[in-house]
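A.B. asks: just the structure for this:
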Amino acid sequence: MKHTRAAAFSRRTFLGRAGAGVAALAVVPRHVLGAGGAAAPSDRLSLACIGAGGRADANIGGLKRERILALCDVDLRRARGAFQEFPDAKQYRDFRVMLDELDKKIDAVVVSTPDHTHAVAAMAAIKRGKHVYCEKPLAHCIWECRQLTLAAREAKVATQLGNQGQASEGNRLVAELIWDGAIGPVREVHAWCNRPISQRGIQRPKEAEPVPATLNWDLWLGPARYRPYHSAYLPFRWRGWWDFGTGVLGDIGCHQLDPVFRALKLGYPTTVEACSSNMDEGPAVKEETAPKASIVRYEFPAREGFPALTLVWYDGGLMPQRPAELPEGRKFGEADDNLFVGDQGKILGYRLIPDARMKEYGKPPQKIARSPGHHKEWLIACKGGAPARANFDWAGPLTEAVLVGNIALKMEKELYQKGLQLHYDGPNMQVTNLPEANQYLRDEYREGWTL
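C.D. replies: Model (predicted):
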């Protein structure tokens, strides 16, 4: 598979374009038109929402001062609350029909669907010149991430990934502490999520169940391979199934690793290795669901001003070694957290440890503009202001790096047996030392679905 455009997608491109989000955020004057001249920046945007229940509740809540023109959901029961809150919004089941019918009436699209339909929905909007907000992870596979990033850039639409934590004060403080030299050069980071994220490490149900009357199962499956309906897949339980979700790493990695990538100016990893509770499971488990617990190790090369870095991910109750700087009785971080290990100290979350060190050090010099709010960043960008901080030029490569970890998990046994780490050429989007791993770079779509 050749990806000629991908070759130009370098670490320099990744970091350079992502840096635009650091600029101060402001709305431009009223007379300056938004993308395609659709609306004046000071006016309310006309939004179409793909996904109207579950995670969509928070996204719609953050955007409801705009004009919610249309709501689309394949599950009428899950969408009932949004339908009642916005009775004037036109209701749809199929987002393709919605976008065709309302093409001239909408300015922007919000995608809050399961992972496997992120790309097809977001790309359909981008191709129509619409601004796009898309939940994390940006896409279900690396190829989709790359295509969305390139397409959004070419279309010049405003984009934002749904990793809301990027707008937080803590996300910025971590970078400012590290850039101020508070812990010296950082060569090691540990990140984890130990919350229960869907069922994992299980086989596909053998029996089928009746499809609920409120659900269009065929549309819910979208581009994924057909399988009979079962309540083991939804709502929300889909995250652990490889055909629909991306496991704990895919779900939480775009949140938890965002401050790591920003503070340490990371690009693509060069090598990845993984071990998990799926190691000795047969295909009936490991080809169906993500593992119950896993460790993924990334290696990044030295960057300008930064040494080479080892980044280790843990989930399912696994944790790094407790740091000596934490006193007895002090909890080792939160259920989702990061530990930065520098030559001259450590940061847990966004605070220096021990607490006495944080008190002594105080607050680092501010070098990053503060956010007006995660959803507001995107609205400002849609109305002609500065790019949102998690725009697709940032979110695409970040999600790609996260999803390379899932490829290492899927190939963990082969890597172990062959005595290999997975070597990854990010700019050219290719595993270079285990060709069979490249099958996981791109999903195969069901007939009738395309990107």
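A.B. asks: pull the CA atoms of stretch 165-181 into PDB?
C.D. replies: This file holds the C-alpha atoms of stretch 165-181, laid out as PDB (Å, rounded to 0.1, in the frame of the first residue of the first chain):
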ATOM      1  CA  GLY A 165      -8.600  18.000  29.300                       C
ATOM      2  CA  GLN A 166      -6.300  19.800  26.900                       C
ATOM      3  CA  ALA A 167      -8.100  23.000  27.800                       C
ATOM      4  CA  SER A 168      -7.300  22.600  31.500                       C
ATOM      5  CA  GLU A 169      -4.900  24.600  33.700                       C
ATOM      6  CA  GLY A 170      -3.000  21.400  34.700                       C
ATOM      7  CA  ASN A 171      -2.300  20.500  31.000                       C
ATOM      8  CA  ARG A 172      -0.500  23.900  30.700                       C
ATOM      9  CA  LEU A 173       1.300  23.800  34.100                       C
ATOM     10  CA  VAL A 174       3.000  20.500  33.300                       C
ATOM     11  CA  ALA A 175       4.500  22.000  30.200                       C
ATOM     12  CA  GLU A 176       5.500  25.200  31.900                       C
ATOM     13  CA  LEU A 177       7.100  23.300  34.800                       C
ATOM     14  CA  ILE A 178       9.100  21.200  32.400                       C
ATOM     15  CA  TRP A 179      10.100  24.000  30.100                       C
ATOM     16  CA  ASP A 180      11.300  26.000  33.200                       C
ATOM     17  CA  GLY A 181      13.600  23.200  34.100                       C
END
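A.B. asks: starting at the chain centroid, how far to that stretch?
C.D. replies: Relative to its chain's centre, stretch 165-181 lies at 19 Å (CA atoms, centre = their mean, to the nearest Å).
A.B. asks: and stretch 115-122, by the same measure?
C.D. replies: On CA atoms, centre = their mean, the centre of stretch 115-122 falls 12 Å from that of its chain.
A.B. asks: burial count for Q439?
C.D. replies: Taking other CB atoms under 10 Å as the criterion, the count of residues near Q439 is 13. Bear in mind the C-beta positions are built from the backbone N, C-alpha and C, glycine included.
A.B. asks: okay, it: pLDDT?
C.D. replies: Confidence at Q439, expressed as pLDDT, is 98.
A.B. asks: got it, and I197?
C.D. replies: Confidence score, pLDDT, at I197: 85.
A.B. asks: from G184, how far out is the residue nearest the centre of the chain?
C.D. replies: Nearest residue to the geometric centre of the chain (CA atoms, centre = their mean): P137, 2.7 Å. P137 is 32 Å from G184, where distance means CB to CB, to the nearest Å.
A.B. asks: pretty sure A79 contacts G53?
C.D. replies: Yes: using CB atoms under 8 Å, A79 makes contact with G53 at a distance of 4.7 Å.
A.B. asks: out of the two, which sits in the busier spot?
C.D. replies: A count of neighbours by other CB under 10 Å puts A79 above the other of A79 and G53, at 24 against 21.
A.B. asks: still on that earlier bit, so what sits against both of A79 and G53?
C.D. replies: Jointly contacting A79 and G53 under the rule CB atoms under 8 Å, 6 or more residues apart in numbering are D73.
A.B. asks: residue ranges with poor pLDDT in the chain?
C.D. replies: Residues of the chain meeting the criterion pLDDT under 70: 1-42.
A.B. asks: how is it divided into domains?
C.D. replies: 6-165+372-390, 169-202+235-367+401-441 (automatic domain parsing).
A.B. asks: which residues in the stretch 301-450 of the chain form helices?
C.D. replies: 355-361, 374-382, 392-410, 412-418 (DSSP state H, counting those that start in this stretch).
A.B. asks: what comes up buried for the first one?
C.D. replies: The neighbour-count criterion (16 or more other CB atoms under 10 Å) identifies R357, M358 as the buried residues of helix 355-361.
A.B. asks: check the third one too.
C.D. replies: Taking 16+ other CB under 10 Å as the basis for neighbour counts, the residues of helix 392-410 that come out buried are 392-410.
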